[in-house]
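Q: from the sequence below, what's the structure:
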Amino acid sequence: MSSSVSSKYSLGYSHLLPPLSLLSQDLLHLQERKMVKFSKQFEGQLVPEWKEAFVDYWQLKKDLKKIHLNNKNTASKTQTTSLANNLLSSIGKFSLFGRQRRDHGVIQVHKNLAASASKGDLYETELLEQFADTDAAKEFFACLDMQLNKVNQFYRTKEKEFLERGESLKKQMEILIELKTILQQQQRGKGASAQDSKEDASISCTISCEEDSVKDRTEPQLQDSSTEELERNDVSFSDSPRSDDMGKSTRKKREDGKLRTLSGRVFSCQGKNLRINIPLTTPSRTFSAISYLFWEDLVNQSSRKCEPEGSKLHINKSKLHHAEKMIKGAFIELYKGLGYLKTYRHLNMLAFIKILKKLDKVTGKQVLPIYLKVVESSYFNSSDKVMNLADEVENLFIKHFAEEDRRKGMKYLRPRQRKESHAVTFFIGLFTGCFIALLAGYIIMAHLTGMYRRQPHSIYMETAYPVLSMFSLLFLHFFLYGCNIFMWRKARINYCFIFELAPTKELKYRDVFLICTTSMTAVVGIMFVHLSLVTKGYSYAQVQAIPGLLLLIFLLLLVCPFNIFYQSSRYRFLRVIRNIILSPLYKVVMLDFFMADQLCSQVPMLRNLEYVACYYITGSYKTQDYGYCMRAKHYRDLAYAVSFLPYYWRAMQCARRWFDEGQTNHLVNLGKYVSAMLAAGAKVAYEKERSIGWLCLVVVMSSAATVYQLYWDFVKDWGLLQLNSKNPWLRNELMLRRKFIYYFSMGLNLILRLAWLHTVLHSSFEHVDYRITGLFLAALEVTRRGLWNFYRLENEHLNNAGKFRAVKTVPLPFHEVDEED
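A: Numbers count the residues shown, from 1 in each chain. Modelled structure (predicted):
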């Protein structure tokens, strides 16, 4: 019975599960791979953000182990009385009339009706036979019932949420189809006019009420209804206070969070009162919203009245196209959530089967057939609403977004991951060996020629070395990002969901290591050739273009339009840099401000880039006038501005997030970057005029900025230093098992944050050029940022898990409103 049931549930749902990014293997292999324990596979396959809602398989195993230990202790006692018990039990099976008595089960599971429909039915197990340790058995079945009730309630809550989302999406789709039909009719009616063909076709609808200003229009942030449902039912999936904290923050965000939109006007079209909300994600929409704000609030405030005949609202094709993209993305996220719920259903069923099989093996009683019937008939396993909705979403998506092409539609709904190739690992090892060999040769040659020793005027250190320093810092940072990816995957941190990366195009850690080793091999090889030519007697005028050509080649590869060298990742990087530079015009997402934080640690690299660009663009490399860029006032001012730009961009992102969400926490974060800019300004002034006054100002401003930054690192970004935490000075939930790693990381972050003391102490290595010391300190800051990255995403992941947020909630464009509204 148990083996057939196990095979049934290992194969029965495999065709329903989409290839999700965090499900590393097909669930079909879950039972075939006997060498790996089920608990490890269960932990590796579950949805990380819903871990608290899954069956606590590990706690059930602990309770089962108690029963097993008690059985061993009583085994010797039962052997002496086994013969008498068998005789009595065989006699007791017959009644006085010679008929066999009906044999009852080991347990009986009672189904209690819940007080509210949202909670569903509750199950409670009654022991009908005596176990070796009744207390341990009662504790086990109490935990088992609690897990079953928890799974049923979470499934019911998530199912309700997805069904409501599906209904709203179907209404959105109907409105979109209706508007597109009207647009096509108008296009056919105006097709004969040449003037109309040049204009952007639009739909004219009547505004049914006074236009709302952008400032007053809000779109509530859509939250997972699971958290709200659990709050109403007074049920928590965790004993820790994190669920309460997340609930409070969710309520606060729901009250305070506001998303300004470009068009929130209520209009009547085809008998429906609608409002279209287009998020301000691009500069054009942002400028339109700002101009609308000024016009409505400053110029035309007194004359905003509804006209009796109604005014015309034009919805052009671009708005409809954007609305269609929003609805398409919402369908994809809904389908992903339904896939997660199927996985949740299947894995929990397997967990119940496994633990019941272990119970039968330990106690020698037939509990599995009885309890499994209850599990199979429970809500999470018997409800087919998710299956039906998934099929309906597939059909709608294929019909409206894939031109009836099922293969094309499933590429969006079930994207396949790239298979990892062994060739990548081979080339990583190959280029690593080449890099080490070339670096050793370069260091030996530089030492023999004395290039890195202190010299009053060294052309090589002024011209070629900044290029090597810039690439070293860049690819060190990239290498640490690869290490972050490796650790995030190992700790089951869903960085793809946090960064909103496509599972088919994301860079794996092996890809990052390959890019780093290949690039640094090329950089060190070319710099080795350059240094060799210099030592052989070639003049600097003859070989000075080599470092500039190296930089130019990398820039051309970065913007190469051909589908080579990870084109999607290169273009994603360029888009993020564009969003950062044009802050606050673009809507800020996690990847944008995460990358801006990385730039704050790369100020030395940016200054080297500015200097090298000036050196080659102005043609100074031809005359060896490397001091021109430092003498020219406008270039010198630009170099100082580069030191402020990353902090300015990050401050503007905080301002934009405050504008979008309305949370004062972003303004406090903005103050942190303002303090960093003031500290950087004090350092620049001290470099110009080294006086005691400026030195004191540097110490005061840098100390204040450091305290500000450390507080924000530990408390806000990492979520540590929580009061009343079960882990002293940390937080309740930790992704890493060893606590000392967190304490060590906090101490290391504190030490590396004090690198600015170098400016005050003027320390340097003996007989080594000051630029080497600067590179070493810059590398320490990059290392600190790599350490910061892991804990920043760990905290973000725990926030998502606290809200059971595993899929992105895409805002919908069309909103029906009542006539009263």
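Q: give me the average confidence score over the longest helix along the chain.
A: In the chain, ranked by residue count with DSSP state H as the criterion, the top helix is helix 134-189. The average pLDDT within helix 134-189 is 90.
Q: ok, Q455 touching D769?
A: Yes: applying C-beta atoms under 8 Å, one finds Q455 in contact with D769, separated by 7.4 Å. To be clear about C-beta, it is placed using only N, CA and C from the backbone, and glycine gets the same treatment.
Q: neighbour count: those two, which is higher?
A: Using other C-beta atoms under 10 Å, the more surrounded residue of Q455 and D769 is D769, with 18 against 12.
Q: now do the contacts for that one.
A: Applying C-beta atoms under 8 Å, 6 or more residues apart in numbering to D769 gives the contacts 452-455, 458, 461.
Q: please tell me how far it sits from S643.
A: Using C-beta to C-beta, to the nearest Å, D769 is found at 21 Å from S643.
Q: now do the SS call for V109.
A: strand (DSSP: H, G, I helix; E, B strand; the rest coil).
Q: just the strands from the stretch 351-500 of the chain, written as ranges.
A: Along the stretch 351-500 of the chain, counting by DSSP state E, counting those that start in this stretch, no stretch forms strands.
Q: to clarify, my last question referred to the stretch 501-650 of the chain.
A: Taking DSSP E, counting those that start in this stretch as the criterion, the stretch 501-650 of the chain carries no strands.
Q: mind pulling up the pLDDT for the closest residue to G681 other than its chain neighbours?
A: Taking C-beta to C-beta, 6 or more residues apart in numbering, and ignoring the residues beside it in sequence, G681 has F644 as its nearest neighbour in space, at 7.3 Å. Looking at F644, its pLDDT reads 91.
Q: over to E210?
A: Listed pLDDT for E210 reads 36.
Q: can you give me the neighbour number for the nearest residue to K111 once chain neighbours are set aside?
A: Computed as C-beta to C-beta, 6+ apart, the closest residue to K111 that is not its neighbour in sequence is D121, at 5.3 Å. D121: 16 surrounding residues under other C-beta under 10 Å.
Q: got the contact list for D121?
A: Shown in contact with D121 (C-beta under 8 Å, 6+ apart): 111-114, 152, 378-379.
Q: turn the residues you listed into CSV, including distance to V386 and neighbour count.
A: Formatted as CSV, the contacts of D121 follow (distance: C-beta to C-beta, whole Å; neighbours: other C-beta atoms under 10 Å):
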residue, distance to V386, neighbour count
K111, 22, 11
N112, 25, 10
L113, 23, 9
A114, 21, 14
N152, 14, 24
S378, 14, 23
Y379, 11, 15
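Q: look up how far N484 lies from the residue nearest the centre of the chain.
A: Centroid-nearest residue in the chain, with C-alpha atoms, centre = their mean: I498, separated by 0.9 Å. Applying C-beta to C-beta, the value for I498 to N484 is 12 Å.
Q: got any residues that touch both of these two?
A: In contact with both I498 and N484: L793, using C-beta under 8 Å, 6+ apart.
Q: so where is the stretch 251-400 of the chain shaky, pLDDT-wise?
A: Along the stretch 251-400 of the chain, segments meeting pLDDT under 70 span 251-272, 287-316.
Q: how about the strands in the stretch 651-800 of the chain?
A: Using DSSP E, counting those that start in this stretch, strands in the stretch 651-800 of the chain do not occur.
Q: which stretches of it have low pLDDT?
A: 759-766.
Q: thinking again about what came up before, correct me, but the residue nearest to the centre of the chain touches N799?
A: No: assessed by C-beta under 8 Å, I498 is found out of contact with N799, at 9.6 Å.
Q: quick revisit: quick one, phi/psi of the residue nearest to K111?
A: Per-residue torsions, D121: phi -80, psi 150 (degrees, to the nearest 10).
Q: tell me the confidence at it?
A: At D121 the predicted local distance difference test score is 81.
Q: check Q41 too.
A: 88.
Q: now it: which helix or strand?
A: helix 38-45 (DSSP states H and E).
Q: what comes into contact with stretch 423-434?
A: 510-511, 513-514, 517-518, 521, 525.
Q: would you turn those residues into TSV with neighbour count?
A: Putting the contacts of stretch 423-434 into TSV (neighbours: other C-beta atoms under 10 Å) gives the following:
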residue	neighbour count
R510	18
D511	18
F513	23
L514	23
T517	22
T518	19
T521	20
G525	18
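Q: now pLDDT and distance to G364 too, for those, in JSON lines please.
A: What follows is the contacts of stretch 423-434, written out as JSON lines (pLDDT from 0 to 100; distance: C-beta to C-beta, whole Å):
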{"residue": "R510", "pLDDT": "95", "distance to G364": "49"}
{"residue": "D511", "pLDDT": "96", "distance to G364": "53"}
{"residue": "F513", "pLDDT": "97", "distance to G364": "53"}
{"residue": "L514", "pLDDT": "97", "distance to G364": "55"}
{"residue": "T517", "pLDDT": "97", "distance to G364": "58"}
{"residue": "T518", "pLDDT": "97", "distance to G364": "61"}
{"residue": "T521", "pLDDT": "97", "distance to G364": "64"}
{"residue": "G525", "pLDDT": "96", "distance to G364": "70"}
